[in-house]
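K.L.:
here is my input; please provide its structure:
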Amino acid sequence: MSSHDNSGGGGNSSNNTNTRMMTKKKRKKVCLFGTSADPPTGEVGHVGVCKALSKLNEFDEIRVLPVYCHQYSEKRDRLISFDHRMKMCELSFNGIPNVIVDHSEKICFKRKAKGLSPQEMDKVRVGTADLLDVLTEKEPMTDFSFALGTDTFMDLSSWKWRRSKDIFRFLQGRFLVLYRKQRRHQQESPNNHNATEITEEEVLERIRKVNQEYNHHWHRERKEDSDADTDTDADTDAVGPTRLLRIPELSDVSSTQVRACTKVEDLEGLLVPEVLKYIVDNQLYGFSMQ
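P.N.:
Down below sits the predicted model:
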């Protein structure tokens, strides 16, 4: 790198500008993808999502965040150990550019539970806003985005989550909504026969409403970041911080289906081979009694 010459009178303004440009740190861009990962599914599920996010070439990192302790008691009691789920995530996402598996949820939980009795710890809940509290404090030069499914996005943008508005404030509307056909919004339970299908147009309309509020901040960010790559597969009808990302490769496979399977051949297309082997070797899920 060449040194600056401050001897010329007319060169000071240019040199000062260059110095400011050099000292201005580029903000890091990170996409968060939270999941129970119980277990993480393959190309037609979680792995397919991470590959699609990686191919956007927009993020310095895609961070997969396995849930440490579920907010709902009935679900947290069913989760297998965090260590098993972390290991399966590492096996699933290994080799995908810019994708890392992160244990921030565990750190956040331990922070909130510090000094509590076992009975008090059982009442500790770590939500997305709690996690963002920690991450934004720890990484003030990072712009976080959040990848989530359509049903989750519709609930969040209807203010059904705890501290929903704080989440929007932290992220400034930076959401990537993962769309796949034949997803249904469950009003009460998976067995609810009155479940209504979320159409693509409904999702796009909600995205447009969110973008109306956050577009000004987003356009300012884009102007400051001249290196941003706008040539992506994200939906072009909803240009703004919140966008629809269509991933045709995804199927309706769920972790619930995987947990119920007892035959290796039924899982071969649903999990990466390393995860399937890990499940069988460690006698997890449907293989626990075999």
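K.L.:
how near is Arg174 to Gln71?
P.N.:
Distance, Arg174 to Gln71, using Cβ to Cβ, to the nearest Å: 22 Å. To be clear about C-beta, it is placed using only N, CA and C from the backbone, and glycine gets the same treatment.
K.L.:
between the two, point out the one with more neighbours.
P.N.:
Arg174 (23 against 15; other Cβ atoms under 10 Å).
K.L.:
which residue is the nearest non-sequential neighbour of that one?
P.N.:
Nearest residue to Arg174 in three dimensions, chain neighbours excluded: Ser145, at 4.0 Å (Cβ to Cβ, 6 or more residues apart in numbering).
K.L.:
chain center to the strand or helix carrying the one you found: distance?
P.N.:
Using DSSP states H and E, Ser145 maps to strand 142-149. Counting by Cα atoms, centre = their mean, to the nearest Å, strand 142-149 is centred 5 Å from the centre of its parent chain.
K.L.:
pull up the pairing partners for it, direction included.
P.N.:
strand 28-35 (parallel), strand 175-179 (parallel) (DSSP bridges).
K.L.:
closest one to Ser254 among these?
P.N.:
strand 28-35 (11.5 Å; Cβ to Cβ).
K.L.:
quick one, helices of this structure?
P.N.:
For the chain, the helices defined by DSSP state H occupy 12-23, 46-55, 73-76, 82-93, 104-113, 118-121, 128-138, 150-156, 164-171, 200-224, 255-260, 264-267, 273-281.
K.L.:
helices or strands up against the fourth one?
P.N.:
Read that as helix 82-93. Using 3 or more Cβ pairs under 8 Å, 6 or more residues apart in numbering; DSSP states H and E, the elements in contact with helix 82-93 are helix 46-55, strand 61-66, strand 99-101, helix 273-281.
K.L.:
where does this protein have low pLDDT?
P.N.:
1-24, 72-76, 181-196, 216-238, 289-290 (pLDDT under 70).
K.L.:
how about the residue most central in space within the chain: which residues does it bridge to?
P.N.:
Geometric centre of the chain, nearest residue: Phe33, 1.6 Å, by Cα atoms, centre = their mean. Applying DSSP bridges to Phe33 yields these beta-bridge partners: Val64.
K.L.:
against Ser145, how distant is it?
P.N.:
Where Ser145 is concerned, Phe33 sits at a distance of 10 Å (Cβ to Cβ).
K.L.:
what does Met121 give?
P.N.:
Counting by Cβ to Cβ - Met121 and Ser145 are separated by 31 Å.
K.L.:
who has more neighbours, the two?
P.N.:
Ranked by neighbour count (other Cβ under 10 Å), Met121 and Ser145 place Ser145 first, with 22 against 15.
K.L.:
isn't the more buried one right next to Leu32, touching?
P.N.:
Yes: taking Cβ atoms under 8 Å as the definition, Ser145 is a contact partner of Leu32 at 6.9 Å.
K.L.:
rewinding a little: which one of the strands paired with strand 142-149 is the most hemmed in?
P.N.:
Highest mean neighbour count among those (mean count of other Cβ atoms under 10 Å): strand 175-179, with a mean of 25.
K.L.:
between helix 46-55 and it, find me the angle.
P.N.:
The directions of strand 175-179 and helix 46-55 differ by 130 degrees, with axes from the mean of the first three to the mean of the last three Cα atoms, to 10 degrees as the criterion.
K.L.:
could you report the neighbour count for Glu265?
P.N.:
Neighbour number of Glu265 under other Cβ under 10 Å is 7.
K.L.:
what would the strands paired with strand 142-149 look like in JSON lines with distance to Tyr214?
P.N.:
Output for the strands paired with strand 142-149, formatted as JSON lines (distance: least, Cβ to Cβ, whole Å):
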{"stretch": "strand 28-35", "distance to Tyr214": "16"}
{"stretch": "strand 175-179", "distance to Tyr214": "10"}
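K.L.:
between those strands, which one is closest to Asp155.
P.N.:
Of the strands paired with strand 142-149, the one closest to Asp155 (Cβ to Cβ) turns out to be strand 175-179, at 11.9 Å.
K.L.:
Phe170 against Ala129, yeah?
P.N.:
Yes: with contact defined as Cβ under 8 Å, Phe170 counts as touching Ala129 (7.0 Å).
K.L.:
what would the helices of the chain look like in TSV with distance to Leu244?
P.N.:
Below are the helices of the chain laid out as TSV (distance: least, Cβ to Cβ, whole Å):
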stretch	distance to Leu244
helix 12-23	35
helix 46-55	12
helix 73-76	27
helix 82-93	23
helix 104-113	26
helix 118-121	39
helix 128-138	20
helix 150-156	8
helix 164-171	16
helix 200-224	6
helix 255-260	23
helix 264-267	30
helix 273-281	28
